[in-house]
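**Student:** Fold the following and give me the result.
(4 chains)
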Protein chains: 2
Amino acid sequence: MKSAHIPRATIQRLAVYVQALEILLQDGENVISSDGLARACGVNPSQIRKDLAYFGEFGVRGVGYYVQDLLAAIKQSLGIDRTWNAALVGVGNLGRALLRHGVFRRRGFILVGAFDCDPFKIGEEIAGLEVVCSRRLKERARELNIEIGIITTPPERAQRAANYLVEAGIRGIVNFASARIAVPDNISVEYVDFMHHFFSVAFNISLNQARNSI
Amino acid sequence: MKSAHIPRATIQRLAVYVQALEILLQDGENVISSDGLARACGVNPSQIRKDLAYFGEFGVRGVGYYVQDLLAAIKQSLGIDRTWNAALVGVGNLGRALLRHGVFRRRGFILVGAFDCDPFKIGEEIAGLEVVCSRRLKERARELNIEIGIITTPPERAQRAANYLVEAGIRGIVNFASARIAVPDNISVEYVDFMHHFFSVAFNISLNQARNSI
DNA sequence: GAGTGTGAAACTATTCACAGCA
DNA sequence: TGCTGTGAATAGTTTCACACTC
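**Tutor:** Okay, the predicted model is just below:
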């Protein structure tokens, strides 16, 4: 297939496949069928085959997929067969936790800078990084080769953080602040808002309750 | 309309509308059109009208929606016109950050318990809560009237945390661990995996790069 | 035989377009 | 006139079913 436009949902699922495949690899599994992988990921097997078909033909008919090869192929397709340098703006509770969270490095996203505009935080050291004034982002971005920005400011400061990042020449933003930000459209923005998940759960519980009380 | 089955995407958007409406309310706006709200939320205006139609008729033709009334109506529809007690299992970096994160309380989700199985963490106090042994979840859940569980353990301990929560009689789980968990199907589970967003950004940057180099 | 790759079918979600009401 | 509420049209996604290959 090797199509032009890839559904957003597909690339989200590819990330799930990566995690499942890494576990399989750890467990010493060499081969996995779309059925097996589907079970591990909680999706439909043909969904997996369709998703992979966007990027090429990775399987062997009658056999399945070689775990290591498929993992490498997906990682390459997603652009995570390399490392990415990221800078975090907004050293609050959440920012600190993310700086200390090992999963980023483990998955190839290296936090190389921590920025905040609060003078009390500037100079503080977190997870081996010195907190630097946000105004110096542009100057530091070049030295540090930063490509991705992470916003963990309060919502009202998210746009300013975004401006600093854009000015610094980053190419993509992961925004944890619950505020929409405006950026040039060659910059990719992802919104992480985990309150949505809490609302979903609250809604589902209410729904179940209503259903049971009939 | 008042339909039976509401798309998952709709209820996600409703959460976005809530945030936008709260800002409008703060700003003293009394009335908003689907067009105006759409612009604020970055969606299509008829999308908003469709979404709202699942729950009832809240607007006034020729006028728009009364901000306060609409907000109340959506909150009631989502089941967030009340507070929910939640317990967090897994007091690592992320767990600590969430316990300290004011947004939960502000949005009506009250963290009433923190649990961990690490004896070094038990007894520690975080954001006014004493960390309690996970094994005591069931016993505490009743006293504290816990309805929602938050899992912030490492992936390999997520299932155990889920088991404790289910046993304790909670009705929904928000799982921050990057591991699938199995629970009875009357329990609502939401997965929060922000690595997906990083993969998406990496993919999009790679894609733009490829496009520009043609 | 077993399991991929893929058209076609089914389903779901979004957008359009306009009737109907304040 | 202006904006909602909604059927119809469109677009997008998932699942099925089976030809094809190892």
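**Student:** Residue A:6 and DNA strand C: what is the separation?
**Tutor:** When distances are taken as CB to the nearest atom of the strand, to the nearest Å, residue A:6 and DNA strand C turn out to be 14 Å apart. (Glycine included, C-beta is placed from N, CA and C.)
**Student:** Can you report how many residues lie near that residue?
**Tutor:** Look at residue A:6: counted by other CB atoms under 10 Å in any protein chain shown, it has 15 neighbours.
**Student:** ok, what's across the strand from the residue most central in space within chain A?
**Tutor:** Relative to the mean C-alpha position of chain A, the nearest C-alpha, by CA atoms, centre = their mean, is the one of residue A:174, at 7.5 Å. The partner list for residue A:174 in beta bridges (DSSP bridges) reads residue A:150, residue A:190.
**Student:** dump the residue contacts of residue A:177.
**Tutor:** Contacts for residue A:177 were tallied using CB atoms under 8 Å, 6 or more residues apart in numbering or on different chains; they are A:90, A:151, A:152, A:153, A:154, A:155, A:157, A:158, A:161.
**Student:** Pull up the per-residue confidence for the closest residue to it other than its chain neighbours.
**Tutor:** Distance criterion CB to CB, 6 or more residues apart in numbering or on different chains; nearest residue to residue A:177, sequence neighbours excluded, is residue A:158 at 3.8 Å. Note for residue A:158: predicted pLDDT of 96.
**Student:** tell me which strands and helices the longest strand along chain A is in contact with?
**Tutor:** In chain A, with assignment by DSSP state E, the single longest strand is strand A:109-116. In terms of contacts (3 or more CB pairs under 8 Å, 6 or more residues apart in numbering or on different chains; DSSP states H and E), strand A:109-116 is packed against strand A:84-89, helix A:93-100, helix A:103-106, strand A:129-133, helix A:137-144.
**Student:** Would you mind listing the buried residues in the least confident helix or strand in chain A by mean pLDDT?
**Tutor:** Taking mean pLDDT, DSSP states H and E as the measure, the helices and strands of chain A show their lowest mean at helix A:195-212, namely a mean of 88. Of the residues in helix A:195-212, A:195, A:196, A:197, A:198, A:199, A:200, A:201, A:202, A:203, A:204, A:205, A:206 count as buried by neighbour count, 16 or more other CB atoms under 10 Å in any protein chain shown.
**Student:** Export these to JSON lines and append columns for distance to DNA strand C.
**Tutor:** Shown next, in JSON lines, are the buried residues of helix A:195-212 (distance: CB to the nearest atom of the strand, whole Å):
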{"residue": "A:195", "distance to DNA strand C": "19"}
{"residue": "A:196", "distance to DNA strand C": "14"}
{"residue": "A:197", "distance to DNA strand C": "17"}
{"residue": "A:198", "distance to DNA strand C": "20"}
{"residue": "A:199", "distance to DNA strand C": "16"}
{"residue": "A:200", "distance to DNA strand C": "13"}
{"residue": "A:201", "distance to DNA strand C": "18"}
{"residue": "A:202", "distance to DNA strand C": "19"}
{"residue": "A:203", "distance to DNA strand C": "14"}
{"residue": "A:204", "distance to DNA strand C": "14"}
{"residue": "A:205", "distance to DNA strand C": "20"}
{"residue": "A:206", "distance to DNA strand C": "19"}
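**Student:** pLDDT below threshold where in chain A?
**Tutor:** Residues of chain A that meet the criterion pLDDT under 70 lie in A:1-3, A:214.
**Student:** Tell me the residues of it that contact DNA strand D?
**Tutor:** Residues of chain A found near DNA strand D, taking CB under 7 Å from any atom of the strand as the criterion, are A:7-10, A:43-44, A:46-47, A:49-50, A:60-63.
**Student:** one more time with 10 Å, if that's ok
**Tutor:** A:3, A:5-13, A:34, A:38, A:43-51, A:53, A:57, A:59-63 (CB under 10 Å from any atom of the strand).
**Student:** Those: which ones sit near chain B?
**Tutor:** A:8, A:11, A:12 (CB under 8 Å from any CB of the partner chain).
**Student:** Can you say which of those are buried?
**Tutor:** In these, burial by neighbour count holds for residue A:11, counting by 16+ other CB under 10 Å.
**Student:** for the ones next to chain B among the residues of chain A next to DNA strand D, which one is nearest DNA strand C?
**Tutor:** Using CB to the nearest atom of the strand, residue A:8 comes nearest to DNA strand C of those, at 10.6 Å.
**Student:** Who are the contact partners of the residue nearest to that closest one when sequence neighbours are not counted?
**Tutor:** Spatial nearest neighbour of residue A:8, excluding adjacent residues (CB to CB, 6+ apart): residue B:200 at 7.6 Å. Going by CB under 8 Å, 6+ apart, residue B:200 touches A:8, A:11, A:12, A:15, A:188, A:190.
**Student:** Buried residues of the longest strand of chain A, list them for me.
**Tutor:** Of the residues in strand A:109-116, those buried (16+ other CB under 10 Å) are A:109, A:111, A:112, A:113, A:114, A:115, A:116.
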